[in-house]
Every structure is written in C-alpha cells, then in structure tokens.
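In: One predicted model, sequence on top.
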Amino acid sequence: MSLSTAIAAELDARPDQTGIVSAQEGPDRLELDVSANAPVGVMLEHLDFAVIDPNRPGWTIDELQAWGDRLAKKVNYLMEPLVVLEVDAQGGEVELRSQSPTPRGQLKSYYEVRLNKSGTLRLDRMTFDSADRRRRPSQFQLSREVLERLADDLADTAHGR
C-alpha cells in the first residue's frame, strides 16, 4: 500500500466527516484537518506530513534544504509553483511559498510550506489582505487526484526520490 492509497481509504471510510483524518504507511504519516470531504475532493484547514523514525537524529539544514528543493521541483501542480524562500539554519527550518500569489481584489493567496528539523512538513494556504496588511490562514481545496498525488510526492521527496 502507498500513502496515497491509505489516505484515500481513510477519507472513503469517513464521508462527510470533518476534523482530523490521518493515515500512515511505514514511517510516513499524513494528517489532514478536513473542513469538507466529498467524493471529488476535500477542503482543508492545513495538511501535516511527518517522517516518523525514532532511530533517525534530527534533520540537518542541508537535508531540509535538499528536501525543499525536491519539493519545489516535483510539486508543480498546485495553483502556483513553489519556491524555497528561506533557510533558517539556526531555527532548523526551511520555508517554501508560492512563487506568485493569486490575487483576488485586495486579497492575495499563496501556499506556505514549512519543513522542520524533526522531519515534519506543514502546508497552509495563506491570504494577505492589503487593506489591513495582515496575513491569515485560509481554507483550501484539493481534488482527490491532487491530494493522492501530493501524498506520494511528499513521501518520495522526503526520502530523496
């Protein structure tokens, strides 16, 4: 079984359920904060991915940066392409964002991905409001096809594939 198959089975077993839906395949764990679940797609508050390996020490900043580079190259099917924006060696974190936010009136929306030295990834959709100069998390939709592809791509890129 793959991570995509596992998360699809969990979503299929819980039609119309909201809240946390998770699946694990080997060391890879995917957790979705679902606000709507339909046969064609999901509405998410955020998505978390983790490589759970108690024998592995924390990820180095070079490993995180390489993971971020692989993600930016492979995950090119979201609304906007991702680019590595910041590498925080001291904090042990790498941040990716949409290369060009999507504008809608005074709002600009973009994906934000944070990779952490503990082997975790967090995907959020953020919206910047130029009226009050604030950014806020916002819900985002993924078709089931895109979600399943993303699940496998997260696992592949985390493991250097």
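Out: Received the coordinates, thanks.

In: other SSEs contacting the least confident helix or strand in the chain by mean pLDDT?
Out: When the helices and strands of the chain are scored by mean pLDDT, DSSP states H and E, strand 102-104 comes last with a mean of 94. Under the contact definition 3 or more CB pairs under 8 Å, 6 or more residues apart in numbering; DSSP states H and E, strand 102-104 sits against strand 107-116. Yep, even glycine has a C-beta here, placed from its N, CA and C like the rest.

In: from the chain's centre, how far out does the strand it packs on sit?
Out: Here strand 107-116 is found 9 Å from its chain centre; the criterion is CA atoms, centre = their mean, to the nearest Å.

In: Please identify the buried residues of it?
Out: For strand 107-116, burial by neighbour count (16 or more other CB atoms under 10 Å) applies to 108, 109, 110, 111, 112, 113, 114, 115, 116.

In: Centroid-nearest residue for this structure?
Out: residue 123 (3.2 Å; CA atoms, centre = their mean).

In: Run the angle between the helix or strand harbouring that residue and strand 107-116 for me.
Out: Take DSSP states H and E as the rule and residue 123 turns out to sit in strand 120-129. Going by axes from the mean of the first three to the mean of the last three CA atoms, to 10 degrees, strand 120-129 is angled at 160 degrees with respect to strand 107-116.
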